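Colleague: Sequence isn't available, so here's the structure alone:
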């Protein structure tokens, strides 16, 4: 599996990348939406994009709208990971093409749970019965 982490915060990219690497994702990184579009054009489709909303040059919502216009990326899962907590913004992101929405601050378990819901990683094994 391949993923791109799009956030203008290097610290946030590192945190999210570490979580994804636990599940053997190959990671690409971008500091804003336009850089992500350029990266995808150069490296080809990925399975998952984790996208911040507020970034310079091209924000996350603009990225989602743009990438959803490119047939090559129509199967890419998109998870918005943002400080935007307004319900209207969540609806805008989902209408634009995001599949999941996570509000910062988040925990590793929240990201992992969303990955499980999207079917990108297997759920944890059930406890053994005695």
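Modeller: Structure's in. What do you need? Note that the structure is predicted; figures quoted are calculated from it, not measured.
Colleague: Can you get me a residue count around residue 120?
Modeller: 18 (other CB atoms under 10 Å). From N, CA and C alone the C-beta is placed, and that goes for glycine too.
Colleague: for it, helix, strand, or coil?
Modeller: Using DSSP: H, G, I helix; E, B strand; the rest coil, the secondary structure recorded for residue 120 is coil.
Colleague: Now do the contacts for the closest residue in space to it that isn't next to it in sequence.
Modeller: Spatial nearest neighbour of residue 120, excluding adjacent residues (CB to CB, 6 or more residues apart in numbering): residue 48 at 6.0 Å. Neighbouring residues of residue 48 by CB atoms under 8 Å, 6 or more residues apart in numbering: 1-4, 20, 25, 76-79, 115, 118, 120.
Colleague: What is the nearest of those to residue 126?
Modeller: Proximity of the contacts of residue 48 to residue 126 (CB to CB) peaks at residue 115, which lies at 18.1 Å.
Colleague: Nearest residue to that closest one in space, please, no chain neighbours.
Modeller: Per CB to CB, 6+ apart, closest to residue 115 is residue 121, 4.6 Å.
Colleague: now, which of the contacts of residue 48 lie within strands?
Modeller: The members of these that map onto strands under DSSP state E are 2, 3, 4, 77, 78, 79.
Colleague: what's the closest of those to residue 70?
Modeller: The nearest one, if we look at the ones in strands among the contacts of residue 48 relative to residue 70 and count by CB to CB, is residue 78, at 12.4 Å.
Colleague: just checking, the closest one touches residue 61?
Modeller: No: the criterion here is CB atoms under 8 Å, and residue 78 misses it with residue 61 at 10.8 Å.
Colleague: From residue 50, how far out is residue 13?
Modeller: The gap separating residue 13 from residue 50 is 9 Å, by CB to CB, to the nearest Å.
Colleague: Have a look at these two and say which one is more surrounded.
Modeller: residue 50 (28 against 20).
Colleague: Quick one: name whatever helix or strand follows the one helix or strand the more buried one maps to.
Modeller: Using DSSP states H and E, residue 50 sits within strand 48-51. Using DSSP H and E, the helix or strand that follows strand 48-51 in sequence is helix 60-67.
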